[in-house]
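Asks: only geometry, no sequence info:
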Ligand SMILES: *Cc1c(COP(=O)(O)O)cnc(C)c1O
């Protein structure tokens, strides 16, 4: 008998997705900003306290909107961790910015906030903290550096829906924040994202940029008599079909987060003994008062050990996956990087491995993952 394969991720399904999509289709209004989009906007603003929530076609697009809103230009510098997804950097590179990569902390993959200030120059415009695994960055430290030097803060909160820093929701700290609803995230629209606008000065222009540089949103609200081309922009708004899918998931947000917490905590308890061997488990700083259990990962002691662990689990029909390759060493950007060594970013690139974590992961399946890992380490 062959064991059922345990994937790394399985997108959550509430069961109402197709019903809401059908409702959207039957309503005859399936382009952007329909009934379901508005429902999602209201939910995000009420639930998390964003000044303005705008659904986008992806987190990548929300980050691109942020770069446009900040009027990032060639020669500007933007500070962000090297251990992140390409979209964090691309959004600003597209506007001609130079990326100044910061290292991760020794304790966790998030940016080492202590090191940020030394990277600020007269050309620095923004800091982009990335809340890896849905665990908060040290936002007070980030905001202090930003305030001292007059910099904007854009949170890459792609993985961080529902997580908090000292009790306050992530995505409310930056002037702007970007969330993802890609199928790998806690809640999904297939592809989708959200721009949270917290500084009211960006709210009106955010609507315009999202609607091809027109004031069409104001027109639909009856605030202007006709709509016009008033600024640069692109098409960043998703179809209401995607919003209908997302809404079916947002209705179940508490249940999703609770289930993930249960699975995450079960991993943490069962894999505790690995700490004594020097294998890393997620470190949750005290200021990350609540996190959304987006990922559970191990930090292996060597690259060879990680490869062997992945192979050991693959033989048991379990898929473990590593994560980012540091962007300062990427083929596209290595020549642009200023040459500073970023040893902790490289450390996580080479040693971190993610375990299966999804709503439908039953205790029986999870036990197979845990046993596979424990037997691997038994004789090492
Ligand atoms: C998933 C992710 C993104 C990109 O999100 P998309 O919605 O796929 O564009 C950006 N940054 C981080 C940190 C992510 O995890």
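Replies: That came through fine. Because the structure is a prediction, the values reported are computed rather than measured.

Asks: all helices for this structure, in order.
Replies: 17-27, 35-48, 59-69, 86-93, 139-149, 203-210, 216-220, 240-250, 253-271, 303-314, 343-351, 363-378 (DSSP state H).

Asks: Could you find the closest non-adjacent residue to the most centrally placed residue in the chain?
Replies: With distances taken as CA atoms, centre = their mean, the residue of the chain nearest its centroid is residue 158 (1.8 Å). Distance criterion CB to CB, 6 or more residues apart in numbering; nearest residue to residue 158, sequence neighbours excluded, is residue 180 at 3.8 Å. No exception for glycine: its C-beta is placed from N, CA and C like everyone else's.

Asks: swap in residue 282?
Replies: residue 297 (6.1 Å).

Asks: quick one: the one you found and residue 355 touch, right?
Replies: Yes. In this structure, residue 297 is within contact of residue 355 by CB atoms under 8 Å, at 6.8 Å.

Asks: Identify the residues contacting the residue nearest to residue 282.
Replies: Shown in contact with residue 297 (CB atoms under 8 Å, 6 or more residues apart in numbering): 133, 282, 323, 352-355.

Asks: mind putting the residues you listed in a markdown table, pLDDT and neighbour count included?
Replies: As requested, the contacts of residue 297 are exported to a markdown table (pLDDT from 0 to 100; neighbours: other CB atoms under 10 Å):
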| residue | pLDDT | neighbour count |
| --- | --- | --- |
| 133 | 98 | 25 |
| 282 | 98 | 21 |
| 323 | 95 | 17 |
| 352 | 98 | 24 |
| 353 | 98 | 19 |
| 354 | 98 | 18 |
| 355 | 98 | 25 |
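
Asks: And residue 349, how far from residue 160?
Replies: Remark: distance between residue 349 and residue 160 (CB to CB, to the nearest Å) = 21 Å.

Asks: Settle it for me: which of the two has more neighbours?
Replies: Taking neighbours as other CB atoms under 10 Å, residue 349 and residue 160 compare with residue 160 leading, 31 against 21.

Asks: Can you tell me the closest non-neighbouring residue to that one?
Replies: The shortest distance from residue 160 to any non-neighbouring residue, by CB to CB, 6+ apart, is to residue 131 (4.0 Å).

Asks: Contacts only, for that neighbour.
Replies: Contacts of residue 131 by CB under 8 Å, 6+ apart are 110, 137, 155-157, 159-160, 163, 170.

Asks: and it, what are its phi and psi?
Replies: Backbone torsions of residue 131, given as degrees, to the nearest 10, read phi -90, psi 80.

Asks: Looking at the contacts of residue 131, which is nearest residue 100?
Replies: residue 156 (15.3 Å; CB to CB).

Asks: And the closest one, how close does it get to residue 259?
Replies: Distance from residue 156 to residue 259, by CB to CB: 25 Å.

Asks: Next: residue 237.
Replies: If you go by CB to CB, the gap between residue 237 and residue 259 works out to 31 Å.

Asks: I'd like to check what contacts the least confident helix or strand in the chain by mean pLDDT. Which residues are they?
Replies: One helix or strand of the chain scores below all others by mean pLDDT, DSSP states H and E: helix 216-220, with a mean of 92. Defining contact as CB under 8 Å, 6+ apart, one finds that helix 216-220 is touched by 33, 204, 207-208, 210-211, 224-227.

Asks: Tell me the buried residues within these.
Replies: Restricting the contacts of helix 216-220 to buried positions leaves 33, 204, 207-208, 210-211, 227, with burial counted as 16 or more other CB atoms under 10 Å.

Asks: and of those residues, the nearest to the ligand?
Replies: Taking CB to the nearest ligand atom as the measure, residue 210 is the one of the buried ones among the contacts of helix 216-220 closest to the ligand, at 15.0 Å.

Asks: Pretty sure residue 101 sits against residue 337.
Replies: Yes. Distance between residue 101 and residue 337: 6.4 Å, which falls inside the contact criterion (CB under 8 Å).

Asks: These two: which is more packed in?
Replies: In this view residue 101 and residue 337 are compared by other CB under 10 Å, and residue 101 has more residues nearby, 25 against 18.

Asks: show me the residues around the closest residue to residue 112 other than its chain neighbours that make contact.
Replies: Spatial nearest neighbour of residue 112, excluding adjacent residues (CB to CB, 6+ apart): residue 105 at 4.5 Å. Contact analysis of residue 105 by CB under 8 Å, 6+ apart lists 111-113, 344.

Asks: do residue 254 as well
Replies: By CB under 8 Å, 6+ apart, no residues touch residue 254.
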